[in-house]
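*Asks:* Model the following, please.
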Amino acid sequence: MTTTPRAHTETRTAKQQWAGGLTAFAGVILMIAGLLSVFRGIMAIAQDNVFVTTPNYVFKFDLTSWGWIHLVLGVIAVAVSVGLFGPATWARVAGVAIAGLVIIANFLSLPYYPVWSVVMIAMSGFIIWALCVVKRDDSITGP
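*Replies:* Reported below is the predicted structural model:
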């Protein structure tokens, strides 16, 4: 009985498959959150009547300013999410950073669109969790 050696093939462990799945999950959710942030930014820049106005809010900005903040964060989030589909460490670090900034921006703009801000904060929390739970050596794939 002869066996042929496997040349340059690695079997992925269950841990590595789990890590790859979590990174892909974070990439998809970050892309969705980024697109939704872009749409929210466009709505705010257009001064849509969807937003609530709160008098005497400590972090009060003009609605157009919040729109630009969310638009820029959304564009960056979409760009970083594309990097998460490859084995790029910079994308994981940038993904955690941009998700943190999205949480802060949504917290500060909570009175303008409360329910949606809470949803975005929760989505960003899942992104940070998915990117931080994976160890660096777990996400290594192939030669």
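*Asks:* centroid residue for the chain?
*Replies:* Leu30 (2.8 Å; Cα atoms, centre = their mean).
*Asks:* show me where pLDDT drops low in the protein?
*Replies:* By pLDDT under 70, the low-scoring segments of the chain are 1-12, 14-20, 48, 52-54, 59, 135-143.
*Asks:* What is the longest helix of it by residue count?
*Replies:* The longest helix of the chain (DSSP state H) is helix 14-45.
*Asks:* How about that helix, which residues are buried there?
*Replies:* In terms of neighbour count (16 or more other Cβ atoms under 10 Å), helix 14-45 has its buried residues at 16, 19-20, 22-23, 25-27, 29-31, 33-34, 36-38, 40-41, 43-45. In short, each C-beta sits where N, CA and C put it, glycine included.
*Asks:* repeat for stretch 128-136
*Replies:* In stretch 128-136, counting by 16+ other Cβ under 10 Å, buried: 128, 130-131, 134.
*Asks:* hey, where'd the helices end up in the chain?
*Replies:* 14-45, 63-83, 89-108, 114-132.
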